[in-house]
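Trainee: Kindly generate the corresponding structure for this input.
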Amino acid sequence: MFSAVSLKSPGGVLVMALLSGIWWHGYTQGAGRSTERCAATLSQLRETFAMQEKQRAGQAAQTLNALQQRFIHQVKVAHQAEQRYLNRIAQLHDKTQHLTRRIDDVTQHWQDEKGQAHTVACVFTRGFVQHYNAALGLSDVDGSVPATPYRRYWQHDPVS
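Mentor: Numbers count the residues shown, from 1 in each chain. Sure thing, here's the model as predicted:
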C-alpha cells in the first residue's frame, strides 16, 4: 500500500497524514474506552468484594455472638453445678458432724437404769464374738477355752 502512494507528491503526503490522523484518533479513542471500561470493571469488582467482605464479617459476628451466648450459658450452668456441689458438701459435713455426735453419745456415754452416766469400756462378749465369727464364716472351735482375765508378763508363773 505504501509503495502505491508516493511520498514525493503532496497528495501522497496528505493521504499519509490523513491515515496517520485516523490511526491516532482510533488509538486514543480505543485506549480511552479501554481505560474507562477497566476503571468501571475494577470499581464493580471492588464493590462486589466489599459486599462479600461485609457479608463475611456479618456471618463471623453472628458466629461469635452464638459462641459467646453458648459460653455464657456454660458458665452459668457450671456456676449452678458448683453451687449445688458446695451445698451438698455442706449438707454432708453437717450430717457427718451430727452422726459423729450421735455415735460418740452412744459409744462414749452409757446410762444405767438409774440415769447415771458411765464411760463405756471395750468389752467383747461371747455373743458378739459368735456373731463376728459367723459373719466371717468361721465356726466355733471345739477346743476353745473360756477367756481368762489378762495377766501381766511379770505375773506369770516361771516355767521350770
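Trainee: Next up, identify which helix or strand the spatially most central residue of the chain is on.
Mentor: The residue lying closest to the centre of the chain (Cα atoms, centre = their mean) is residue 74, at 8.7 Å. Element membership for residue 74, per DSSP states H and E: helix 10-108.
Trainee: Could you check how far that helix is from the centre of its chain?
Mentor: Helix 10-108 sits 23 Å away from the centroid of its parent chain (Cα atoms, centre = their mean, to the nearest Å).
Trainee: Adjust the sequence numbering to begin at 249 for everything that follows.
Mentor: From this message on, residue numbering opens at 249, which makes the last subject helix 258-356.
Trainee: which secondary element of this protein has the worst mean pLDDT?
Mentor: strand 358-359 (a mean of 70; mean pLDDT, DSSP states H and E).
Trainee: where does the chain have low pLDDT?
Mentor: In the predicted model of the chain, residues 249-255, 352-358, 368-369, 371, 388-408 satisfy pLDDT under 70.
Trainee: now with 50?
Mentor: 249, 408 (pLDDT under 50).
Trainee: What is the burial count for residue 372?
Mentor: By other Cβ atoms under 10 Å, the residues close to residue 372 number 9. Yep, even glycine has a C-beta here, placed from its N, CA and C like the rest.
Trainee: distance of it from residue 286?
Mentor: Residue 372 sits at a distance of 107 Å from residue 286 (criterion: Cβ to Cβ, to the nearest Å).
Trainee: what does residue 262 give?
Mentor: Residue 262 is 36 Å from residue 286, by Cβ to Cβ.
Trainee: Repeat that for residue 330.
Mentor: For residue 330 relative to residue 286 (Cβ to Cβ), the value is 64 Å.
Trainee: Can you verify residue 386 is assigned to a strand?
Mentor: No - going by DSSP: H, G, I helix; E, B strand; the rest coil, the assignment for residue 386 is coil, not a strand.
Trainee: tally of neighbours for it?
Mentor: Residues lying near residue 386 (other Cβ under 10 Å) number 11.
Trainee: quick one: residue 306 from residue 297, how far?
Mentor: Residue 306 is 15 Å from residue 297, by Cβ to Cβ.
Trainee: That'll do, ta.
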